[in-house]
Every structure is written in structure tokens, then in C-alpha cells.
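Enquirer: Sequence first, then the predicted structure:
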Amino acid sequence: MARFRTVLGGCPLDCPDTCSWVVTVDDDTGRAVKLRGNPEHPFTQGGLCPKVNPWLEHAADPGRLLRPLRRVGAKGEGRFEPVSWSDALAEMAERLTAVIDRHGGPDGGGGAAVWPFVGTGNLGWIQGSNGRGRIWNRMGASEHHLSICSVAGHAGIVSTAGTGGGLDAEDFAHAGLVLIWGSNTLVTNRHLWPFVQQARRAGARLVVVDPVRTRTAEAADAHLALRPGTDGALALGLCRAIVDAGGADEAFLTGRCLGWPEFEASLREWTPERTEAVTGVAAADVEALARAIVAAPPLAVRIGHGIQRQAHGGQAMRVVSCLPAVTGAYDRPGGGSLYSSTGSYKGYNIAKARAAHLGPGRPRTLTMTRLGEHLTATQDPPVDALVIYGANPMVSNPGLGLVRQGLARDDLFTVVIDVFPTETVAYADLVLPSTMQHEQTELNDSYNHWYLNWNNPAVAPPGECLPHAEIWRRLARAMGYTEPELFASDEEIAADLLDSPVFAEAGVTVETLQERGFVRNPLSDPEHRPFRPRFPTPSGRFELVSAWAEEAGHGRVPNYRPPREAASGPDGTLASDGTLALIAAASEHHVNSVFAGNAVVAARTGPGDPPLLLHPDDAAPRGLVTGSRVRVANERGWFEAVVEVSSRTRPGVAATTKGRWGVGLNRTVAERSADMADGAVFHDNRVTVEPC
């Protein structure tokens with residue numbers, strides 16, 4: 001008999017690639033011994049990223065949480081004692097019930113005092129943030145607004161195109177010019193790269209817009225290093241230059257767009273010279289890119305999340321999305337834009353999967369990136385119970401000083417469900433150990449490609465680890481709830497998600513997913529033209545003017561509004577007070593803060609403080625050289641870093657990476673919202689940089 005068997009699954013992490021994978025299991029030992037990308041998957045194509053390749057080593061890390069724990073020290077000390085699952089869940093149920101009763105009971109809105117705080121550690125529909133957990137509806141808990149990643153950009157692009165998930169990632173192979181804007185694709189979206197390269201082999205040019213010369217920018221044909229937060233101005237300047245170069249598609253603009261005459265008139269002020277004054281990108285480079293776009297249609301724009309993490313991030317996304325409209329690219333194979341597709345756009349029965357009908361309703365919504373404010377401000381009711389899963393707010397949230405203050409409240413009952421003892425775990429009253437993906441059942445899709453991945457558990461969980469859905473089932477029992485939906489199996493939850501005509505007509509079921517490992521979403525035909533016959537907007541057209549945006553105060557036509565800190569003055573000029581704009585992009589070694597605290601990653605990144613890129617023009621006046629240890633600070637807080645002097649960042653910009661544990665980088669970031677959807681403002685930040 002064969003000793004080894006393979007199990008199909010898929011990566012659950014907050015990454016657009018959502019890879020399909022194959023786990024090899026040694027049946028003699030019951031251990032997973034190999035993990036590789038699924039060669040049959042059209043997007044994964046057999047390879048995983050360097051962050052996930054050592055997944056099995058991550059799972060075996062000696063620091064992993066393996067049993068429930070109860071706090072015995074002060075909050076923040078990280079001192080715990082083991083406790084049984086039955087005792088942990090009994091205590092959790094008792095204390096949640098007490099909180100709810102204290103604030104009016106389940107029918108009086110008392111459930112709002114409970115905040116299920118879910119992050120993007122797993123984007124699955126069963127265990128992860130897409131599923132959310134049915135029990136919170138039954139409890140009437142506060143609704144969680146997952147604002148940390150991409151919501152401002154979604155709101156901006158929905159106001160023009162109706163969705164962020166337009167161009168199929170695989171369709172980039174047919175582009176005439178690929179424009180990657182605010183994305184380090186080789187690090188954060190590497191499985192898109194083969195399709196970009198396919199287009200380049202056919203003659204397409206690749207241009208990258210980013211304040212930093214990233215790995216992706218270095219591999220491009222051209223790189224435009226704009227000032228942080230001036231993306232909207234650059235996009236308007238490009239639109240004007242395209243019109244001047246004769247590249248406006250009048251048939252598309254008059255037949256498929258709303259408000260072209262108004263938008264065209266607004267472009268007149270955006271000469272190449274004014275664009276240069278605001279963005280720092282040379283007028284000649286703006287005009288050259290416009291000519292290249294006109295000469296090699298269609299235009300395909302990959303828009304990253306970085307551009308919308310500032311005060312007017314939604315507005316910036318709104319403007320950038322207009323570039324393919326001006327050129328008519330949205331109607332052409334290989335043309336359009338891709339930001340981030342959403343579940344509601346893909347035919348799922350989300351309400352049934354989440355059992356939205358349960359309980360008294362969700363009386364209020366709390367914003368993820370305003371955690372410190374919500375925990376410390378006077379509210380009715382206050383947040384008296386916090387259940388954190390798939391999230392590490394003590395590393396990833398803005399305003400860490402206020403977050404720490406809130407989590408340290410003695411009267412706040414906090415439960416953290418995690419795989420490793422993060423900085424957030426140290427503030428928990430109860431710690432519950434979670435399974436990892438190859439130890440659980442899960443259904444994941446992508447916000448980039450159009451495949452659903454089914455994940456079969458390959459091995460038994462170590463220690464006493466449990467999947468989130470099983471924790472919710474056991475908690476429901478401990479709470480005395482009896483509704484059958486709360487005890488649905490993982491497979492039943494998945495079946496509810498697929499219970500729609502889209503999947504029924506295509507014969508896509510849980511069983512077919514389990515057998516094949518992945519299927520293509522039936523809504524995506526081979527040519528994938530999501531904007532035919534109409535855009536999913538109120539008018540059915542691409543909205544170059546928007547009644548919603550005008551009413552919300554964003555302006556009738558897409559326009560430029562400067563960031564609050566990253567650049568100063570109406571023309572985006574950099575401050576002259578000795579401060580620098582700080583950007584913290586994704587790391588090559590971990591996904592957000594996932595993996596950042598274990599031995600495998602520590603061996604790669606080395607001990608100590610993170611690197612901080614400084615342009616020579618900024619380093620020299622401060623007496624700094626490569627290797628200098630510096631204190632990076634503002635009125636909100638500080639962290640320490642090690643300087644790398646490099647022309648890869650533009651003057652006036654300090655660049656580092658996010659997600660490291662024990663650094664406190666986000667102490668410097670304001671806990672305030674962007675212009676749309678309460679998005680975060682991680683890249684709208686100014687700091688001083690001084691020798692330690």
C-alpha cells in the first residue's frame with residue numbers, strides 16, 4: 001500500500017493570489033511532509049510564494065499555541081496558565097452573558113457591548129473573515145467594519161465603475177500597455193507576473209507608479225516616482241495628456257460613460273507642468289507615458305491598495321479608475337482596471353452563509369481601525385467584551401498608543417484566538433488555540449482571480465487546536481443557544497454560500513469542489529467582459545460624474561484633493577519643517593503580521609529593528625549613513641529603525657515595511673479615517689528621523 005498521499009487545499013492568507021496547493025502526507029506518521037503549488041491551477045501554476053513555501057515549518061514552530069490559556073498576570077504581561085476547553089468556553093459564555101445582561105439583555109441591545117473583532121489572517125468563508133461567524137448574529141453583537149485594508153478604494157472605484165473587480169487577472173496577457181499603480185506585484189501579487197510577462201513578450205510595455213523603486217519598479221520599462229498621496233493629481237494629468245495626444249475614445253466616452261463633457265472640461269487645468277508641480281513627476285515623463293498609452297492599446301491598470309491609504313484615498317482611486325475609460329479600454333480584451341473583486345459581485349448567497357436572519361439584529365457598527373477610540377471613548381453601551389480572531393491589532397492597527405490603552409482596561413473581557421503568542425495575545429483574558437489551514441476545512445476565493453479553492457484538512461490538528469467554526473459551535477452550546485444554523489457543519493455552511501442560481505445552473509457544489517480542489521466562478525466566462533452590456537452603476541454607464549459622490553461631498557467629477565500629512569499645501573509640495581513622509585509597504589517575508597514572530601522568518605530578516613530607506617539628500621544633512629540606528633517619531637509615538645541610504649526612495653520619503661512584531665511602527669500612524677468608507681490612512685504620515 002502507498003505510504004504517501006496527496007490532499008488538495010489552498011492558501012487562506014490576505015493575498016490576491018489565493019494559491020491552490022497540494023499537501024503530501026506520510027500515512028505512517030500522520031505528518032504533512034511536503035507542500036507545493038497546484039500545477040493544475042491556471043493561476044497558481046505549480047508555485048507558491050517565498051512567504052508560504054515554509055508553511056509546514058511555520059506550523060511546527062515550537063512557539064505555537066497548543067492549548068487554551070487563562071490569564072494569571074496583569075494585562076500585557078503575557079502570563080497564563082493552561083485551562084481545559086470546557087472550562088474556557090464555560091467562562092467565556094458566562095462572561096459574555098453577563099456583559100449582555102448588564103447592558104439590557106439580548107432583546108434590549110445588550111449584545112452591542114460585545115465586539116467580534118475579525119482580521120484578514122484567513123479570508124475564508126467558513127473559518128475566516130468572509131464567514132464572520134453566525135453566532136454573532138444570534139448574540140446581537142456589534143457589527144465589525146473590516147476597514148484596515150481596501151475599503152476607501154472600493155468606495156472610490158464603485159462610484160465610477162461599480163466594482164473593483166473588473167479586468168480578469170489572466171487577461172493582462174492581452175494588454176498593450178500594463179500600468180501597475182501602487183503595487184509591488186513581484187512581492188505581493190507574484191502570480192500575476194507571468195501574465196504581465198506574457199503581454200511584454202507580445203510587445204507590451206510595463207510602467208510602474210510608486211514613490212519607491214520596488215522590485216517591480218526595477219523590472220519595469222519605466223518608473224514614475226510620485227510624491228506620496230498625489231496619485232489623483234498624476235491620474236488627472238495623464239488623462240489630460242492622453243486627450244492632448246488624441247487618445248480619447250470618443251465613441252466609448254459618449255456612448256458608455258456618463259458626464260464626459262464635464263470631466264473633460266475639468267482636465268484643462270491639469271497641464272503637464274501643473275502635474276509636475278504637484279506630483280514631482282517630470283512633465284516630459286507624464287507626456288511620454290500618455291503617448292505610450294495611446295500608441296499601444298489597450299491599457300490594463302493593476303491598482304494596488306497603497307494609493308488609497310491616505311486622507312483622500314477614495315478620491316484618488318476614483319480618478320485612477322478613469323484612465324481606462326478615457327482610452328475606451330474597458331470594452332477591449334486585455335483592457336480595463338483591476339483593484340479588488342468582492343464576494344457580493346460573485347454570485348454567492350452571503351446572507352444565507354452568514355445566517356443573517358438570526359437574533360435581534362446588529363444594532364451598531366464599529367470600525368476596525370478606530371479600535372483605540374472605540375475602547376476608550378464614552379459609548380452607549382461601551383465595548384465590554386472583545387473577541388479577536390484572525391487579527392493582531394497590537395501590530396497592525398493604527399494609533400497603537402490608544403489601542404494599548406484600550407486593551408489594558410481591567411473591565412474589558414478579551415478573548416484572543418490565534419496560532420502564535422502575538423503582542424495582542426498578551427492582553428487576553430482567555431487565549432484559544434486555532435488550527436492552521438492544512439488542519440481544517442475551508443473555502444477560499446480570491447480578490448484577484450476568479451477561482452474558488454476548496455481546502456481539505458490534510459492532517460489532524462496538533463495539541464488541542466480547533467478550527468474557528470468548531471469553536472463557534474461549542475460556544476453556542478455553552479451559551480445555551482438552540483438554533484440549528486449555529487451547529488451547521490463546515491460543509492453545510494459552504495453549501496449555503498453556493499445556494500444561488502449562479503452555481504446551481506453550473507453544477508458547482510461542495511462535492512465538486514471537494515473532488516476537483518478548485519473551480520472557476522461561473523460568472524466569469526472565458527472572455528470575462530463584466531461591463532457588458534452595462535456597468536454595475538446606477539446609470540449603467542461608467543460614471544465620470546456621480547450624484548452619490550456629489551451628495552457625499554466628494555465632488556461631482558473626480559478631482560484631486562491633497563493628503564493631510566504626506567504632502568502639504570494645495571499643490572502637494574513637501575513640507576520644509578524637516579519631517580519626512582513615511583511609507584510602510586508589504587514585506588517580502590510575511591503577510592501583514594502573519595509569520596513575523598516565528599523562527600523561520602526571524603532567520604531570514606535577522607534580529608533587531610526594521611530597515612528604513614532614506615534618499616542620500618535626506619540622510620546627509622542628518623549625518624546618517626547606512627547602518628545608522630534612528631528614532632522615527634512624531635507627536636503620536638515613535639519606533640526605532642536601521643538606515644539604508646538609497647536612491648530607491650525619492651527625496652522627502654522614508655520607506656520601511658510593515659508587520660514586524662515588537663517594533664511599534666504604527667504608534668506613529670493616526671487613528672483617523674480616509675474620505676470614504678472609514679478606510680485607514682497608514683501612508684498619510686509625517687515623521688522626524690534622528691540618530692538614536
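Expert: On my side now, so go ahead.
Enquirer: Wasn't Arg477 part of a helix?
Expert: Yes. Under DSSP: H, G, I helix; E, B strand; the rest coil, Arg477 falls within a helix.
Enquirer: Contacts only, for it.
Expert: Shown in contact with Arg477 (Cβ atoms under 8 Å, 6 or more residues apart in numbering): Phe487. Placement of C-beta: from N, CA and C, glycine included.
Enquirer: Same check on Asn189?
Expert: Neighbours of Asn189 in contact, by Cβ under 8 Å, 6+ apart: Cys15, Pro16, Asp17, Ser183, Arg302, Gly304, Asn448.
Enquirer: Okay, it and Asn448: tell me how far apart.
Expert: Going from Asn189 to Asn448 by Cβ to Cβ, to the nearest Å gives 7 Å.
Enquirer: who touches both of these two?
Expert: Pro16, Asp17.
Enquirer: Point out where the stretch 451-600 of the chain drops to low pLDDT.
Expert: 525-529, 568-576 (pLDDT under 70).
Enquirer: Run through the helices of it in chain order.
Expert: 468-479, 490-497, 501-506, 510-516, 547-551, 599-605 (DSSP state H, counting those that start in this stretch).
Enquirer: Can I get these in CSV including distance to Arg309?
Expert: Converted to CSV, the helices of the stretch 451-600 of the chain look like this (distance: least, Cβ to Cβ, whole Å):
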stretch, distance to Arg309
helix 468-479, 28
helix 490-497, 30
helix 501-506, 33
helix 510-516, 34
helix 547-551, 20
helix 599-605, 23
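Enquirer: Ok, which of those helices comes nearest Gly133?
Expert: Ranking these by proximity to Gly133 (Cβ to Cβ) places helix 468-479 first, at 5.0 Å.
Enquirer: right, so of the helices of the stretch 451-600 of the chain, which gets closest to Gln308?
Expert: Closest among the helices of the stretch 451-600 of the chain, using Cβ to Cβ: helix 547-551, at 14.8 Å.
Enquirer: any idea of the mean pLDDT in the host helix or strand of Val301?
Expert: Using DSSP states H and E, Val301 falls within strand 299-303. Per-residue pLDDT over strand 299-303 has a mean of 98.
Enquirer: Walking through the stretch 101-250 of the chain, point out its strands one by one.
Expert: 114-118, 143-145, 177-181, 205-209, 222-224 (DSSP state E, counting those that start in this stretch).
Enquirer: out of the helices of the stretch 451-600 of the chain, nearest to His615?
Expert: helix 599-605 (23.0 Å).
Enquirer: thinking again about what came up before, helices or strands next to the strand holding Val301 in the packing?
Expert: Contacts defined by 3 or more Cβ pairs under 8 Å, 6 or more residues apart in numbering; DSSP states H and E place strand 299-303 against strand 177-181, helix 313-320, helix 323-326, strand 336-338.
Enquirer: again, only this time at 6 Å
Expert: Under the contact criterion of 3 or more Cβ pairs under 6 Å, 6 or more residues apart in numbering; DSSP states H and E, strand 299-303 touches strand 177-181, helix 323-326, strand 336-338.
Enquirer: Neighbouring strands of it in the sheet, and parallel or not?
Expert: Paired with strand 299-303 in the same sheet, following DSSP bridges, are strand 177-181 (parallel), strand 336-338 (parallel).
Enquirer: Using CSV, lay out the strands of the stretch 101-250 of the chain together with distance to Arg67.
Expert: Shown next, in CSV, are these (distance: least, Cβ to Cβ, whole Å):
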stretch, distance to Arg67
strand 114-118, 22
strand 143-145, 27
strand 177-181, 45
strand 205-209, 47
strand 222-224, 50
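Enquirer: Just name the most buried of the ones you listed.
Expert: strand 177-181 (a mean of 27; mean count of other Cβ atoms under 10 Å).
Enquirer: Need the residues that contact it.
Expert: Residues outside strand 177-181 that contact it (Cβ atoms under 6 Å, 6 or more residues apart in numbering) are 196, 199, 204-209, 292-293, 296, 299-303, 320.
Enquirer: And for stretch 13-20?
Expert: 10-11, 37-38, 41, 44, 48, 120, 123, 189, 191, 444, 446-448, 453, 517-518, 591-592.
Enquirer: repeat for stretch 250-270
Expert: 236-237, 239-240, 325, 328, 331, 539, 541-545, 557.
Enquirer: Pull the most distant pair out of the residues you listed.
Expert: The most distant members of these, if one measures by Cβ to Cβ, are Gly237 and Ser539, lying 26.4 Å apart.
Enquirer: Out of those two, name the residue with the larger neighbour count.
Expert: Under the criterion of other Cβ atoms under 10 Å, the comparison of Gly237 against Ser539 puts Gly237 first, with 29 against 15.
Enquirer: For the closest residue to the more buried one other than its chain neighbours, grab the count of nearby residues.
Expert: Residue nearest to Gly237 in three dimensions, not counting chain neighbours: Thr275, with 2.9 Å by Cβ to Cβ, 6 or more residues apart in numbering. Thr275: 28 surrounding residues under other Cβ under 10 Å.
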